[in-house]
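S.K.: This is a predicted model, with the sequence first.
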2 protein chains.
Amino acid sequence: MTISEENYIKVIYHLSLVSPKGVNTNAIAGMLDTKASSVTDMMKKLSDKDLVSYQKYQGVTLTDKGLHSAKMIVRKHRLWEVFLVDKLGFSWDEVHEIAEELEHIKSEQLINKLDAFLGFPVADPHGDPIPDAKGVIKKIEKQLLSEVEINASFHCVGVKDSSTDFLKYLDKQKIALGSVVKVIDKEDFDDTLTVEIDGKRLTISNKIANNLYVQ
Amino acid sequence: MTISEENYIKVIYHLSLVSPKGVNTNAIAGMLDTKASSVTDMMKKLSDKDLVSYQKYQGVTLTDKGLHSAKMIVRKHRLWEVFLVDKLGFSWDEVHEIAEELEHIKSEQLINKLDAFLGFPVADPHGDPIPDAKGVIKKIEKQLLSEVEINASFHCVGVKDSSTDFLKYLDKQKIALGSVVKVIDKEDFDDTLTVEIDGKRLTISNKIANNLYVQ
DNA sequence: TTTTATTTTTAGTTTTGTCTAAATTTAATT
DNA sequence: AATTAAATTTAGACAAAACTAAAAATAAAA
């Protein structure tokens, strides 16, 4: 598989999680910052390689083979992110771009040794689950902070939006994975939350609460 | 720089160490397993980018800019090799191929953090020197085992040939970097050596001795 | 149910890096 | 010095992955 093919497979995988019935050409083009016509060309190629099942105008889904490939790419991406944060001291908003390159390094032995070196982590620095060597993904139980009951305590376990802006906001507020969050109050008008994070009181917009996973 | 351009620059760098007056088109083609005509095409491109100075039929040399790029690629390659051996437990004959891919990962911050994580090593697992962040290469004093005087003791500090076959031979004989070698005797007829390595007596052909660096 | 709008595909180009085959230049030999 | 051999370059072509513009299919609206 070329790097380009791998990127397509990965994007189809992520879009499939939202629209499992079939992924649109335009959606893929949008994610890869390319044109719909280029996507069509690539779908033919991936279809020939039995990585996707594709029928003209009907959208595309991953075959078993394609799904497995996608999981292996995601596995690599997330393991490298753990490496970058845990071992090299990068912050969680800096690692995505570098992992986008590292995820295309071929050796399976490398990734399994890396996995062991990192202590077989189950989640990346953003709380997203890491597929194991067979592609099995351990589901992480989680709720959005915007949806939990008042007066209960939780742990931060992940982010939905992992954009730099959002991650930097969390850093500024000293919110990290593992932080203890207690919801004190919820404003009826705009769903603004008053929370206590690691003992510190804070006001949080609904948009924030809607992008933070807790358990 | 594309991966292909980087590979050309790297090869020209290595060949320059042997023929500093100018590197031949065919030599480059041989190293990259490509055709002379492809090399010519690429030389034009690299020349346009001021990475090599190239005159038709006259061979090619790296410019200052090209030399610096080459050293940064070599730096990355060798640092990743150290990582693979020291941290992930690969053996020294397994790492070259993987490092060939890793050397093309772009981030400068990544490589400098990796350097620090590894403790700023000065040599890779084969004893080859690692350029620092500025491109400075600390010269490692070394002699070929085939050229040292009899009855003196040395440490293994590197290999000249780093082919899998040779490295596996060394593994089998329990010769590693750091091993203490004492030359007991040299056969006049074919320069076969009798040596003591870490206390164990061993007979070594001239071809072996000619590919092992000691200090 | 037509008509209009949107999405998707086809057809034809472009760029990068490669190739083959032919032409040219340099080096080696007689 | 002339000829042969080797190395190098040019010319033209190809595959991968992208693009633009036009055509076709599907979905939405009147």
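M.R.: Received, thanks.
S.K.: what residues go with each domain of chain A?
M.R.: Residue ranges for the domains of chain A, per automatic domain parsing: A:3-62, A:143-214.
S.K.: would you list those domains in JSON lines and tack on mean neighbour count and distance to DNA strand D?
M.R.: For every residue, glycine as well, the C-beta is placed using N, CA and C. Formatted as JSON lines, the domains of chain A follow (neighbours: other C-beta atoms under 10 Å in any protein chain shown; distance: least, C-beta to the nearest atom of the strand, whole Å):
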{"stretch": "domain A:3-62", "mean neighbour count": "16", "distance to DNA strand D": "3"}
{"stretch": "domain A:143-214", "mean neighbour count": "15", "distance to DNA strand D": "23"}
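S.K.: and of the ones you listed, who's closest to residue B:16?
M.R.: domain A:3-62 (29.5 Å; C-beta to C-beta).
S.K.: Please name the nearest non-neighbouring residue to residue A:212.
M.R.: Among residues not flanking residue A:212 along the chain, residue A:145 sits closest, at 4.4 Å (C-beta to C-beta, 6 or more residues apart in numbering or on different chains).
S.K.: my bad, should have said residue A:24
M.R.: residue A:59 (5.6 Å).
S.K.: Now do that neighbour, the pLDDT please.
M.R.: Listed pLDDT for residue A:59 reads 92.
S.K.: what does residue A:140 give?
M.R.: So residue A:140 comes in at 88 (pLDDT).
S.K.: where do the helices sit along chain A?
M.R.: In chain A, the segments counted as helices under DSSP state H are A:3-18, A:25-32, A:36-48, A:64-82, A:95-102, A:108-117, A:164-172, A:206-209.
S.K.: who's in contact with the shortest one?
M.R.: It refers to helix A:206-209. Contacts with helix A:206-209, where a contact means C-beta atoms under 8 Å, 6 or more residues apart in numbering or on different chains, come from A:144-146, A:166, A:169, A:190-193.
S.K.: how does it look with 7 Å?
M.R.: Under the contact criterion C-beta atoms under 7 Å, 6 or more residues apart in numbering or on different chains, helix A:206-209 has outside partners A:144-146, A:190-193.
S.K.: Max pairwise distance over those residues: which two?
M.R.: Greatest spatial distance in these: A:144 and A:190, 16.1 Å, computed using C-beta to C-beta.
S.K.: Settle this for me: residue A:146 is touching residue A:210, isn't it.
M.R.: Yes. At 4.3 Å, residue A:146 counts as touching residue A:210 under the criterion of C-beta atoms under 7 Å.
S.K.: how about stretch A:99-108, does it get close to DNA strand D?
M.R.: No. Using C-beta under 7 Å from any atom of the strand, we find that stretch A:99-108 stays clear of DNA strand D, coming within 11.6 Å at best.
S.K.: Could I get the buried residue list for that stretch?
M.R.: A:99, A:101-105, A:107 (16 or more other C-beta atoms under 10 Å in any protein chain shown).
S.K.: tell me the contacts of the residue most central in space within chain A?
M.R.: By C-alpha atoms, centre = their mean, the mean C-alpha position of chain A lies nearest to residue A:128, the distance being 5.1 Å. The neighbours of residue A:128, taking C-beta under 7 Å, 6+ apart as the test, are A:78, A:158.
S.K.: at 8 Å instead, please
M.R.: Residue A:128 touches A:78, A:158, A:162, counting by C-beta under 8 Å, 6+ apart.
S.K.: Mind pulling the model confidence for it?
M.R.: 97.
S.K.: Tell me the residues on chain A that lie near chain B, please.
M.R.: A:84, A:87-90, A:94, A:97-98, A:101-102, A:105-107, A:109-110, A:113-114, A:117 (C-beta under 8 Å from any C-beta of the partner chain).
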